[in-house]
Structures are given as structure tokens and as C-alpha cells.
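Engineer: My questions concern the predicted model and sequence given below.
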Amino acid sequence: MGKKIFWGENFVNRMLFARVSCLFFAFLIAPAAHAQIRFDAAAYRNLADANSSQTIPSGTQITLANWQQYRRFMPISMVAAYSGRYGWRVGPGPEYTIVVGPTIPFKWPTTLSQATEKYAGQARLQKVPDGSYTVAGYQAGIPFPKPGGPNIAFQILYNVWYGFVPTRIHYFDPSDQIDRFHNHYVQMVDVIGWRLTHNSDDVYPEDPSYGKGYLESTRFFLSAPEQVKYTTQVALLPDDPEKLEEIYVFLPSLRRSLRLSSAARCSPILGSDFVQDDNSDGTWIQPPSFNVTLLGEKKILALVHGELSTFYNDRNWDKNGVPQWPTPAVGKWELRDEYIIDITPLPKLGNYCYGHKVMFVDKNTWNETWIDNYDAQNRFWKGEMIYLRPHPMNNGEMFIYRGTNSEAMVDFQNVHATTSRPTGEPDFDRNCKAECAEPEIYAFPGGLSRVMR
């Protein structure tokens, strides 16, 4: 009898413990589970039109207390951060204050303007069998500088896909991976990017022989922590939009490189919250595998003129409320006229990671400022928050480029995030040294054999 009583008491205790554990776990995940923002095209179409009189006066301070007044100028990623329904959230402190400044236009680099004018009208959309579009006749510059007509959304996407970048870019990135318990795992990443064809930067040839067949290459080399040191990925984006990207990884434990499946577009980049298709601010997708819809031309809050004196100081960026949220010291926000395009996978992609990728494209620069990512069930999943600052060209002209600024991929559903920001001004073109100066070797998988030389 005593034995049965002991078993009964133990059973009750175990049941109580299990119930308490479940309640505790439910408490942990409650913010993400409670807030089920779903894709709604109307939410984007109801934002403030670019040609409307709606505005935010310069000097306005947006805080947790008044953000609802300015909701019509915010992407869903921003709304999710302010809503308080997710684990990542904007706080009431002054460090979260957004200070709005005047909208400052950018002047295109001379080389970009010249290339765009030289090849004006040559690029054209070409339909592929499953109803999407590729591009034919593109040489350099912006392929569709004045998008319009029934296929305007595809023209906008290709303007971003072929967007202007210097021929060579190099920077160090202390990428921070943060979980729901605010544990930080920092990897020091040596990042090099090369434009291999359709170059609008006159320092180098427009189409060098070594780059034939490829548009861009990106090399990620891990230098810390010690257990992952020397792990390196090289990703190649083909010049043909219909071809799959190529991904190669050097594994120091094997002292050899492997080619990953070209279908691994949804696999993480070196264990981060960025997947392969998120590379270079979300532009490394295969455009003819998607349908693209224009959701509107809107006025959107964005930070595109970060201050040099504060942009690279880690203390000026939040790590706990919303990873990589800029404090007021980083710079003033602006209302930018932007295209909003909705990118959805075609059936041939199968079980693709994103049901919708909503991209906010600055009409002045063809750079993205925000990307709202939804899962396959059309639930809001990850916000790619992109904060920019102008960089000097070789001739002293200032412009912004994708992939060289501060950004975070914030997973609102699972409450973790990955941040990315150079430790200082990136090196461009002739300032690039060592591996960066030898794209004919290091932009390709053959260069991986030299990683541990």
C-alpha cells in the first residue's frame, strides 16, 4: 500500500511539474504565438502615397508613446517592433527615439549616369515558359531607369538585382547571433564582394574575361571564434537570371571544399538567420522563379544618411530590445519615396522558405531599406532592417551601396536575430588589398584551396 501511495504522490508531483513547465514555456513563447501578423496586401496599399500631401515634419520625434500616429509610413517590420506583441520590441527609453530630418536626395555617381544613358533602351524583359520574366540585352547602368507599364514590378526588381555596386568591396563584420535569452554568439567575418560583369564603375573593365558567366561573387571568411576559424563560403551569382547560384564551402576540419546543392537557397549562411537567397540585401534570388507585384509607391521612414562619427560605434546600436536598432546618435531618419514590391515563389520552387518577400526600394538610389519576409503559411516571420550611410567613390562622389551597411535579420517568430555591420568604412576598388585585389582567383571556388596555405 505504501508503495502505491509513494507512486501516486510522485505521479502527482510529476504532473504538477510538467504543468508548471508547460506554463513557463508558454510564457516564454507567448509574444510570438499571440501576435500572428499575416500577409495583407491592403496593409501596404494603405500606406501614405508618395504623391500625397501626408508627411512627417522635420524635427519630429517618434517614440513608443506616439508611434501609432506615424504608422502609415512604416513597413510591417517596424510595426512589429513597436507593437509589443513579439519578443523583440521597441522600448520606452530615449535610446529608441527616432528623430526625423529632411529628405536629402542622392546624386548618382557619374559612371552610373553615363552607363545608364549609354545603354538606355537596350534592356528588355523576356517572358519565360512559366509566366515570369528574364532580361535580355542588358549591358550596364540601371536597366529600366523609368519603369512603367504592365510589367513595372519586374522592371523594379531587375533594377535592384543589377543595382550599382563598386567592382571590389572589402570589410570586417563582427556578426552577432542573438537568441531569445539574449545570449550573444559573435563571429568575425571577413567579407569580400566582387562585381564580375555589367560593371558601371569605370575603374575596371565593364566585362572582364575572368568574370564571364557570373554577375557577382561574395566570399565570407570566418576568423573568429577559434572553433570555426578558416571556415569559408564562396557564393557565385550567375549572369543569367534563370540559372541557380553556386555555393561552395571550405571546411577546415576536412581541409577541403564542398559544393552545396544549388537548391539550398533556404539554407543558412554560415549558421546565421540569413539564408542564401538573402545574400546582398535579399537580391540573390533567381528572379524568373518568382512572380512580382507592385503594391504601391509610398513614403517610408528609413535611415540612409548614417553619421560617419557614430555609425561604426557598437554602443550606438541596441542589442536587446530590437537587435541593431539605431540610437538617435547614428543619424536622422527620412521619408523616402519608395516602390513596394511583393515577391512570391512560383510552384516550381516547391517548399520555398518565404511565402512573400516584400521589398521596399528607394526610388532615388534603387537600394532596399526594408524587407518584410513571410513564411510559407503567409505569417510574418523575419524583418530585414537595413540602415545605410553614403560611401565615397574613387573620384570623391558619395553614394550608397547594398551589402556594405548596417543591417539585421530579426526573426520575430522565433525571437532570435543576426546582425551585420562593418567595423569601419569598407575598402573599395583600388583600396582593396590582398585577396580582394585578385578576383580572378578568390572570387571562385579554386581560391578556397589557399585558405590555410
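Structural biologist: Happy to help now that I have it.

Engineer: Show me how this protein divides into domains.
Structural biologist: The chain is divided into the following domains under automatic domain parsing: 1-34, 157-186+266-427.

Engineer: Adding distance to Ala136, mean pLDDT and mean neighbour count as columns, could you present these in a markdown table?
Structural biologist: Every residue, glycine included, has its C-beta placed from N, CA and C. Output for those, formatted as a markdown table (distance: least, CB to CB, whole Å; pLDDT from 0 to 100; neighbours: other CB atoms under 10 Å):
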| stretch | distance to Ala136 | mean pLDDT | mean neighbour count |
| --- | --- | --- | --- |
| domain 1-34 | 44 | 39 | 10 |
| domain 157-186+266-427 | 11 | 95 | 20 |
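
Engineer: Kindly present those domains as a markdown table, with separate columns for distance to Tyr86.
Structural biologist: Formatted as a markdown table, these follow (distance: least, CB to CB, whole Å):
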| stretch | distance to Tyr86 |
| --- | --- |
| domain 1-34 | 5 |
| domain 157-186+266-427 | 4 |
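
Engineer: Keeping just the C-alphas, turn stretch 386-395 into PDB.
Structural biologist: What follows is stretch 386-395 as a C-alpha-only set of coordinates in PDB (Å, rounded to 0.1, in the frame of the first residue of the first chain):
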ATOM      1  CA  ILE A 386      18.700  47.900 -43.500                       C
ATOM      2  CA  TYR A 387      20.400  51.200 -42.300                       C
ATOM      3  CA  LEU A 388      22.600  53.000 -44.800                       C
ATOM      4  CA  ARG A 389      25.300  55.700 -45.000                       C
ATOM      5  CA  PRO A 390      26.900  57.200 -48.000                       C
ATOM      6  CA  HIS A 391      30.400  55.900 -49.000                       C
ATOM      7  CA  PRO A 392      33.000  57.700 -51.100                       C
ATOM      8  CA  MET A 393      33.600  56.700 -54.700                       C
ATOM      9  CA  ASN A 394      37.000  56.700 -56.300                       C
ATOM     10  CA  ASN A 395      36.500  60.300 -57.500                       C
END
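
Engineer: quick one: contacts of that stretch?
Structural biologist: 106, 109-111, 166, 201, 203, 281, 302-308, 311, 324, 326, 330-331, 367-371, 398-402, 404-407, 425-426, 428-430 (CB atoms under 8 Å, 6 or more residues apart in numbering).

Engineer: cool, stretch 428-437 as well?
Structural biologist: Applying CB under 8 Å, 6+ apart, the external contacts of stretch 428-437 come out as 166-170, 192, 194, 201, 203-204, 219, 391-394, 427, 441-442, 447.

Engineer: do stretch 219-228 as well
Structural biologist: With CB under 8 Å, 6+ apart, stretch 219-228 has contacts from 186-193, 229-235, 269-270, 435, 442-443, 447, 451.

Engineer: Likewise for stretch 76-91?
Structural biologist: The contact list for stretch 76-91, computed with CB under 8 Å, 6+ apart, reads 31-32, 34-35, 37, 43, 64, 67, 71, 74, 96, 180, 301, 321-323, 325, 358, 370-372, 380, 383-385, 410, 412, 415, 417.

Engineer: in it, what counts as buried?
Structural biologist: Of all the residues in stretch 76-91, those buried under the rule 16 or more other CB atoms under 10 Å are 76-83, 85-90.

Engineer: Inside helices: which ones of the contacts of stretch 219-228?
Structural biologist: Secondary structure assignment by DSSP state H places Tyr442 of the contacts of stretch 219-228 in helices.

Engineer: Now which of the contacts of stretch 219-228 would you call buried?
Structural biologist: Among the contacts of stretch 219-228, those classed as buried by 16+ other CB under 10 Å are 187-193, 231-235, 269-270, 435, 442-443, 447, 451.

Engineer: State whether Tyr210 is indeed within a strand.
Structural biologist: No: counting by DSSP: H, G, I helix; E, B strand; the rest coil, one finds Tyr210 to be helix, located in no strand.

Engineer: what sits against it?
Structural biologist: Tyr210 makes contact with 196, 439-440, 443, according to CB under 8 Å, 6+ apart.

Engineer: gap between it and Phe444?
Structural biologist: Distance, Tyr210 to Phe444, using CB to CB, to the nearest Å: 8 Å.

Engineer: Same question for Asn373.
Structural biologist: According to CB to CB, Asn373 stands 30 Å off from Phe444.

Engineer: Same question for Thr63.
Structural biologist: To Phe444, Thr63 is 49 Å away according to CB to CB.

Engineer: May I have the secondary structure class of the most centrally placed residue in the chain?
Structural biologist: Centroid-nearest residue in the chain: Asp281, 3.2 Å away (criterion: CA atoms, centre = their mean). Following three-state DSSP, Asp281 is assigned to helix.

Engineer: Now do the SS call for the residue nearest to it when sequence neighbours are not counted.
Structural biologist: Spatially, and ignoring its direct neighbours in sequence, Asp281 is nearest to Arg402 (4.2 Å; CB to CB, 6 or more residues apart in numbering). Using three-state DSSP, the structure places Arg402 in coil.

Engineer: what's Arg402 in contact with, if anything?
Structural biologist: 163, 165, 280-281, 283, 367-368, 386.

Engineer: surely Pro109 meets Phe164?
Structural biologist: Yes: applying CB atoms under 8 Å as the test, Pro109 and Phe164 come out as touching, 7.0 Å apart.

Engineer: Give me the common contacts of those two.
Structural biologist: Counting by CB under 8 Å, 6+ apart, the shared contacts of Pro109 and Phe164 are 200-201, 399.

Engineer: wait, which of the residues you listed is closest to Tyr339?
Structural biologist: Tyr339 lies nearest to Phe399 out of the shared contacts of Pro109 and Phe164, by CB to CB, at 18.7 Å.

Engineer: ok, that closest one to Gln155 distance?
Structural biologist: 21 Å.

Engineer: Helix, strand, or coil at the spatially closest residue to Pro147 that is not a sequence neighbour?
Structural biologist: Spatial nearest neighbour of Pro147, excluding adjacent residues (CB to CB, 6+ apart): Gln155 at 3.8 Å. Here Gln155 is recorded as helix under three-state DSSP.

Engineer: Tell me the pLDDT of Gln155.
Structural biologist: Gln155 carries a pLDDT value of 98.

Engineer: that older thread, select from the contacts of Tyr210 the one having the most neighbours.
Structural biologist: Ala443 (26 neighbours; other CB atoms under 10 Å).
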